[in-house]
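Engineer: Compute the structure for the input listed below.
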Amino acid sequence: MAKKEKLNNGDWRKATGKIDYCMTNDYMFRMVLQSNNTVLKGLISSMMHVALNDIENVEIVNPIELGKHIDDKDFILDVKVMLNDNTIINLEMQVTNYNNWTNRSLSYLCRAFDNVQKGEDYNSVIPVTHIGFLDYDLFPEELEFYSKYMLRNVKSGKIYNDKFTLCVLSLNQIKLATKEDKKWQIDEWARLFKATTWEELKMIAEKDQVYSEAANSIYLQNSDETVRAMCEARQEAIFHEQYVQKQLEELKELKEARDEAILNEQHMQKQLNEKDALIAKLQAELDNLK
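Structural biologist: The predicted structure is shown next:
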């Protein structure tokens, strides 16, 4: 009941303590962006490096019905956005590493890129960008805060097609934000997504009106019982997925250890056989000398 009392005061500026469902919850992420166009516009401006004045309209073209059953296989939690009626952007929050992100993100991107209507020229294809907000490091051996990938010639580096782009924001690597990232306030968005207390969120909200709008939307969505139930369902599903993932990784490690032990045993057996053969040979030579 204490949680409800803190939220029922009607003003996010008075909320204290832990945020029950922050923006790394993919349902909360979607509902905040779907319910507040100002926040959506601000996020798109930063991530796409487009000045706010150059954004005429930004619209989510795959809105979801509040409380509707979630089936991740239907890709309903990715946010598909149309920018200025001429650019498609897919936004997705992901906190669990299933070791399939490169294939998954390409699948999303290719679905969006297949937007030429029957009878139209292929040059009419609308540019697409997929932006993944990952709460883990995609390539631990090559850490980067905000990375961009395009089709290029492997020898010359020439871009093959500039209408097909993948971007990844590593929420764990804010410290690696470049001057360009900071210029577009991408680091502030990452901090906002990662904020787990109202105190953290209020500090960020003071920096810009769009973050204040985001804080208010997070508050309102946390106050909605239907949204809370869906966020809880997503959180439980993620915890279960992470548990299963951990179990699979442990089983994989055990299998690798077992396979290595078997190989070692086979190698030792081979060495013993070779020694036995050598002993038998030497024994035969000794017998012949008698």
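Engineer: Can you list the low-confidence ranges for the chain?
Structural biologist: Residues of the chain meeting the criterion pLDDT under 70: 1-9, 67-77, 240, 289-290.
Engineer: And the helices in it?
Structural biologist: Using DSSP state H, the helices of the chain run over 2-7, 26-35, 37-48, 101-113, 179-183, 186-194, 198-205, 209-223, 225-289.
Engineer: Just name the most buried of those.
Structural biologist: Mean neighbour count (mean count of other C-beta atoms under 10 Å) peaks for helix 26-35 among the helices of the chain, with a mean of 24. The way it works is simple: take the backbone N, C-alpha and C, and place the C-beta from them, glycine included.
Engineer: Mind giving me the packing neighbours of it?
Structural biologist: helix 37-48, strand 79-83, strand 87-94, helix 209-223, helix 225-289 (3 or more C-beta pairs under 8 Å, 6 or more residues apart in numbering; DSSP states H and E).
Engineer: Could I get the CA-only coordinates of it as PDB?
Structural biologist: Coordinates of each C-alpha in helix 26-35 appear next as PDB, following Å, rounded to 0.1, in the frame of the first residue of the first chain:
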ATOM      1  CA  ASP A  26      10.300  -2.800 -22.200                       C
ATOM      2  CA  TYR A  27       6.600  -2.400 -21.600                       C
ATOM      3  CA  MET A  28       7.200   0.800 -19.600                       C
ATOM      4  CA  PHE A  29       9.600   1.900 -22.300                       C
ATOM      5  CA  ARG A  30       6.900   1.500 -24.900                       C
ATOM      6  CA  MET A  31       4.000   3.000 -23.000                       C
ATOM      7  CA  VAL A  32       6.000   6.200 -22.100                       C
ATOM      8  CA  LEU A  33       6.900   6.700 -25.700                       C
ATOM      9  CA  GLN A  34       3.400   5.800 -26.900                       C
ATOM     10  CA  SER A  35       1.700   8.100 -24.500                       C
END
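Engineer: That one vs strand 79-83, what angle?
Structural biologist: 30 degrees (axes from the mean of the first three to the mean of the last three C-alpha atoms, to 10 degrees).
Engineer: For Leu52, which non-adjacent residue is spatially closest?
Structural biologist: Nearest non-adjacent residue to Leu52, counting by C-beta to C-beta, 6 or more residues apart in numbering: Ser45, 5.1 Å away.
Engineer: Wait, Ala15 touches Trp198, no?
Structural biologist: Yes. Look at Ala15 against Trp198 with C-beta atoms under 8 Å: they come within range, at 4.2 Å.
Engineer: on that earlier part again, can I get the helices of the chain in JSON lines with distance to Ile64?
Structural biologist: Shown next, in JSON lines, are those (distance: least, C-beta to C-beta, whole Å):
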{"stretch": "helix 2-7", "distance to Ile64": "23"}
{"stretch": "helix 26-35", "distance to Ile64": "7"}
{"stretch": "helix 37-48", "distance to Ile64": "14"}
{"stretch": "helix 101-113", "distance to Ile64": "16"}
{"stretch": "helix 179-183", "distance to Ile64": "30"}
{"stretch": "helix 186-194", "distance to Ile64": "19"}
{"stretch": "helix 198-205", "distance to Ile64": "24"}
{"stretch": "helix 209-223", "distance to Ile64": "13"}
{"stretch": "helix 225-289", "distance to Ile64": "10"}
